[in-house]
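Participant: Sequence and predicted structure, then a few things I'm wondering about:
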Amino acid sequence: MSSSRKLSYSLAINEALHQMMAADETVFLLGQGVKSPWYVGNTAQGLLETFGDRRVIDTPVSENGITGAAVGAALAGMRPVVVHPRLDFMLYAMDPIINEAANWCYMNGGKASVPLVIWGIINRGGEQAAQHSQALHATFAHVPGLKVVMPSTAYDAKGLLVAAVRDPNPVVFVDDRWLYGAEDAVPEELYEVPLGQGVVRQTGSDLTLVAASFMAQESLKAARDLARERIAVEVIDLRTVKPIDWELVFASVMKTGRLVVADGGWKTCGLAAEIVAMVGENLFAYLKAPVKRVTLPDIPAPASSSLEKAYYPTAETICQAVRQVLNH
């Protein structure tokens, strides 16, 4: 067993790609800007030099075409990782993702699989406006046949990406550029974080706070702030948003009787709405107060920094929601 060391979120992804490509010659990376650190941060650093342009393929700007090619390669026995540097433009690839990749295993009675990772990066803030700021994870989580993962730490980014590459069917790997500089201890060797398994980041008895990706980090900040007010919040990091670890969520809500869900997507028909609905259907008798959602408002992202401050929820937004539930 090799030792752990501090590694940033983006370099953890880079290490996972290096190690998986070295261990399995069927794994390859394709997408726009894989040669350019401006597109994908340093997540693809050194890959081209190590593995060459037959396994690190910098593609034309054709999201539909390159994703369709990746689906075909997966059906032929390869394990492609196709990167979309801006999640917004994965919308051009909805046909190969939803009509093809998500359905092949079911339509062929389990005799065919699509071992494909569709890696989309959320780019928010910086006055990028509505067409470059969208978190669309709930859209893909809605689709049968797709798994959707959203790491919040460097450790999980590496482990979940390894598990996604090894999965026999398509996985949408959603990361958030706001997390790229976050550091924590990451083992040097290959390891997996199981898909569909959440984690309790902090225990508490007063209220359950459920989140994923960047909002899981904001939830931990909120929990630390609330602890100064003697409010004990239990923070659950989903890690996988399709399938959700309902056993973990339900056990926590049964213990605390109160629920706040923090999500970096929109409110209507979003991830938070699904969690609230499932808790209401299954645990209504355990609830001591109405549940609360902390999400983006149902409007497109603004293009000015002053409006962005009002648009994006923060740890303080979460603290306010927790206090409202506790004071009900």
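Facilitator: Yep, it's here.
Participant: Provide a list of residues in contact with Leu220.
Facilitator: Applying CB atoms under 8 Å, 6 or more residues apart in numbering to Leu220 gives the contacts 201-202, 235. Where C-beta positions appear, they are placed from N, C-alpha and C, glycine not excepted.
Participant: C-alpha coordinates for the lengthiest strand in the chain, CSV please?
Facilitator: Longest strand in the chain, counting residues (DSSP state E): strand 259-266. Output in CSV follows, covering the C-alpha atoms of strand 259-266 (Å, rounded to 0.1, in the frame of the first residue of the first chain):
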residue,chain,number,x,y,z
LEU,A,259,-33.9,18.1,6.2
VAL,A,260,-32.2,20.8,4.1
VAL,A,261,-30.9,19.9,0.6
ALA,A,262,-28.3,22.1,-1.1
ASP,A,263,-27.9,21.8,-4.8
GLY,A,264,-25.9,23.8,-7.4
GLY,A,265,-28.7,23.3,-10.0
TRP,A,266,-32.1,25.0,-10.5
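Participant: And the residue nearest to Glu234 when sequence neighbours are not counted, what's its pLDDT?
Facilitator: Leaving out its chain neighbours, the residue that sits closest to Glu234 by CB to CB, 6 or more residues apart in numbering is Gly204, at 3.9 Å. On pLDDT, Gly204 comes in at 98.
Participant: next one: phi and psi at Gly204?
Facilitator: Main-chain torsions, Gly204, degrees, to the nearest 10: phi -170, psi 160.
Participant: picking up where we left off before, list only those of the contacts of Leu220 flagged as buried.
Facilitator: 201-202, 235 (16 or more other CB atoms under 10 Å).
Participant: any idea which helix or strand comes after the helix or strand bottoming out on mean pLDDT in the chain?
Facilitator: Lowest on mean pLDDT, DSSP states H and E among the helices and strands of the chain sits helix 37-40, with a mean of 74. With elements assigned by DSSP states H and E, the helix or strand that comes after helix 37-40 is helix 47-51.
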